[in-house]
Structures are given as structure tokens and as C-alpha cells.
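Participant: Attaching a predicted model along with its sequence, questions to come.
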Amino acid sequence: MRTDTELQGVTLLGNQHTQYPTDYDPRLLETFVNKHPEHEYLVTLDCPEFTTLCPKTGQPDFGHIIIRYIPRERMVESKSLKLYLFSFRNHGDFHEDCVNIIMKDLYRLMEPRYIEVQGDFNPRGGISIVPFANMGDEAHEEMVHARMLAQMARR
């Protein structure tokens, strides 16, 4: 069981008075201590209902965001991630920008060994956009390149 010390900074989980953001806000993100930093394992977070706005037209865009990371000392708390991703609802940016913003915000927050973010966006005008961004520490440089090559071969 987690101690109160380990849960310090986790304020949104269990809060019965959740405020839903209307604007992009990375300050919503919270972390907790990884109890298993001595070995590598993969965490996958799946958000099939991501929404943002086209920066030019203001039209809504819908997508599926998948986040994968190998944690180090800190991990993202899922309710805070949900609210953070929800904060993009009124944010006007291109799909590629959203994926990179999410990746960079999470990297700054957790400093994981490796992280990747993929967006599978619904077609608009007959074209679907699937941006993929990843980064890792020095020990995971080969993985960064291999995952990028795998994504390029996918389509």
C-alpha cells in the first residue's frame, strides 16, 4: 500500500469536486513515485476520445492518443492526465503540434527513460493524420530510432 508521503502531490485523484479545464494547462499533471525504478517496464496510456480545435477554422478535431513510456523515478497520475488531455478541448493547434506538446510536457514532468506519443486523428477532408513523436535518454537512443523506423514502415 502507498504511504501518505508517496502520495504527496496527488490531489486530483479522489477529489469529489473536480474542475474540468476549459484551456490547455500542463500544470494539471501530477506524478507519483515509481516503486520499481530498478528495472525497466513499459506503461501504456490510451485516450480514445481526444479532442482539440483546428487553429485556423476552430472546427473540432477528434483523435486517439496513445502514450507509452518507460518510467524512471516518477510516473504520471492517470486522473491528472485525463484532465490535462481534456484541457486541449478548446486549444487550437495542429495534430502534429498536439502530439509533440503532450510528449514534451510529459517528458519534463517525469523525465522517463523513454517516451512516445502517437495520435490517430479522424479524417477531415478525406485525410487522416497520424503523428508520432518519441524521445529517450542516452541508453535508449537505439530504441528511439528503431521505434521511429517501425512507425515509418507501418504506413
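Facilitator: Happy to help now that I have it. Numbers count the residues shown, from 1 in each chain.

Participant: Identify each buried residue in the biggest helix by length in the chain, please.
Facilitator: Using DSSP state H to define each element, the chain has its longest helix at helix 95-110. When burial is assessed from 16 or more other CB atoms under 10 Å, helix 95-110 yields the following buried residues: 95, 98-103, 105-107, 109-110. In short, each C-beta sits where N, CA and C put it, glycine included.

Participant: Turn those into TSV, including pLDDT.
Facilitator: Listed next are the buried residues of helix 95-110 as TSV, based on pLDDT from 0 to 100:
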residue	pLDDT
95	96
98	97
99	98
100	98
101	98
102	98
103	98
105	98
106	98
107	98
109	98
110	98
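
Participant: closest to residue 6 among the residues you listed?
Facilitator: residue 110 (15.3 Å; CB to CB).

Participant: Output the buried residues of helix 95-110 in TSV; the columns should cover distance to residue 35.
Facilitator: Shown next, in TSV, are the buried residues of helix 95-110 (distance: CB to CB, whole Å):
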residue	distance to residue 35
95	35
98	31
99	29
100	30
101	29
102	25
103	24
105	23
106	19
107	21
109	18
110	14
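
Participant: No further questions, thank you.
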